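A.B. asks: sequence and predicted structure are below.
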Amino acid sequence: MKQSFLKTSVCAFATAALCWSCGQKQQHEEAVAMSGNPVFEGWYADPEGIIYGDTYWIYPTYSDKYEKQTFFDCFSSKDLVNWTKHASILDTAEVKWAKKAMWAPAVISKNGKYYLFFGANDVHEGEIGGIGVAVADRPEGPYKDLLGKPLINDIVNGAQPIDQFVYNDNGSYYMFYGGWGHCNVVKLNDDFTGLIPFEDGEVYKEITPENYVEGPFLFKKDGKYYFMWSEGGWTGPDYCVAYAMADSPFGPFKRIGKILQQDP
């Protein structure tokens, strides 16, 4: 019903706009540059977008077999049209404990430094891997492994340590993460070298909403926290993005509905 209404509204608006434009004298034409879709060459997933200064940045996952996912590239643009590739800003040669499956970078700046959080090794119980953090003096790196080990290695509350997202809430830095249908939030210490407990003594808070699979994301608008995540199977037609709202970054997050889905 909503899709039909949207299509009808768009058609009606387009018809009205066309009639209006035909009745006007066109003074000039101005070409609008478009970046195209995709916006840059290559096969990438899990893009994290951020603005540093006057420049737009995208940090994605390189899509390939797990054994070939051994590095991160990033891309920068002044106008969202022309993009510059910065190759191999972090790789397994620098992160000695990472061997494969370097996924879903999350980036943030603090005190003049640039931090890149990442997943590696598609870790399972008893294995080495999980979420790491790297640091650089510039957005394009080169990034250096901050800890020499994962920041989070263990499976807690059933959440695989992948798909991390870091959020600055009035000077407190929280990291949301989790695959395998579970999502945790943790609080980072001042230099991002470890975790600190919440006021109730918990270190890991599970905030898993209905139908959650992976890929958490959070932002705040008008005093409300909007939480998004991926649902369904990433290789199937039901893969989509859903959302919830809450008064706190810790929820509770009650699923409202889908915000992004595939064409039928």
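C.D. replies: Nice, thanks for sending it over.

A.B. asks: can you classify the closest residue to F118 other than its chain neighbours by secondary structure?
C.D. replies: Residue nearest to F118 in three dimensions, not counting chain neighbours: P105, with 5.0 Å by C-beta to C-beta, 6 or more residues apart in numbering. Quick note: C-beta positions are derived from backbone N, CA and C, even for glycine. Assigned by DSSP: H, G, I helix; E, B strand; the rest coil, the conformation of P105 is strand.

A.B. asks: list the contacts of P105.
C.D. replies: D46, E48, Y59, P60, T61, F72, C74, L116, F117, F118 (C-beta atoms under 8 Å, 6 or more residues apart in numbering).

A.B. asks: closest to G233 among those residues?
C.D. replies: Ranked by distance to G233 (C-beta to C-beta), those are led by D46 at 15.8 Å.

A.B. asks: quick check: that closest one is in a strand.
C.D. replies: Yes - using three-state DSSP, the assignment for D46 is a strand.

A.B. asks: and it, how far from F72?
C.D. replies: 10 Å (C-beta to C-beta, to the nearest Å).

A.B. asks: ok so, going back, among the contacts of P105, which lie within strands?
C.D. replies: D46, E48, Y59, P60, T61, F72, C74, L116, F117, F118 (DSSP state E).

A.B. asks: just the strands in the stretch 151-264 of the chain please.
C.D. replies: 165-169, 172-177, 184-188, 195-196, 205-206, 214-221, 224-231, 240-246, 254-260 (DSSP state E, counting those that start in this stretch).

A.B. asks: pick the most deeply packed of those strands.
C.D. replies: strand 184-188 (a mean of 22; mean count of other C-beta atoms under 10 Å).

A.B. asks: quick one, that one and strand 172-177 angle?
C.D. replies: Strand 184-188 and strand 172-177 are oriented at 150 degrees to each other (axes from the mean of the first three to the mean of the last three C-alpha atoms, to 10 degrees).

A.B. asks: quick check: which helices or strands does strand 184-188 pack against?
C.D. replies: strand 172-177, strand 195-196, strand 205-206 (3 or more C-beta pairs under 8 Å, 6 or more residues apart in numbering; DSSP states H and E).

A.B. asks: packing partners of the last one?
C.D. replies: Meaning strand 205-206. Taking 3+ C-beta pairs under 8 Å, 6+ apart as the contact cut, strand 205-206 packs with strand 184-188.

A.B. asks: and the strand it packs on, how far out from the chain middle?
C.D. replies: Put simply, strand 184-188 sits 16 Å off its chain's centre (C-alpha atoms, centre = their mean, to the nearest Å).

A.B. asks: numbering from 15 from now on, please.
C.D. replies: All set: I'll call the first residue 15, so the last point we hit is now strand 198-202.

A.B. asks: Provide the strand pairings for that strand, with the direction of each partner.
C.D. replies: strand 186-191 (antiparallel), strand 209-210 (antiparallel), strand 219-220 (antiparallel) (DSSP bridges).

A.B. asks: the closest residue to F131 other than its chain neighbours: how many residues sit nearby?
C.D. replies: Excluding the flanking residues, the one nearest F131 by C-beta to C-beta, 6+ apart is A120, at 4.3 Å. As a burial measure, A120 scores 25 neighbours (other C-beta atoms under 10 Å).

A.B. asks: which residues touch A120?
C.D. replies: E62, Y73, L130, F131, F132, Q178, F179, V180, M189.

A.B. asks: next one: stretch 77-95 to chain centre, how far?
C.D. replies: 13 Å.

A.B. asks: sorry, back to before: and the contacts of A120, which is closest to P230?
C.D. replies: Distances from P230 to those, taken by C-beta to C-beta, are shortest for F179, at 5.4 Å.

A.B. asks: which residue ranges of the stretch 15-164 of the chain form strands?
C.D. replies: Under DSSP E, counting those that start in this stretch, the stretch 15-164 of the chain gives strands at 58-66, 69-76, 85-91, 98-105, 117-124, 127-134, 144-150, 158-159.

A.B. asks: would you list those strands in TSV and tack on mean pLDDT?
C.D. replies: As requested, these are exported to TSV (pLDDT from 0 to 100):
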stretch	mean pLDDT
strand 58-66	97
strand 69-76	99
strand 85-91	99
strand 98-105	99
strand 117-124	99
strand 127-134	99
strand 144-150	99
strand 158-159	99
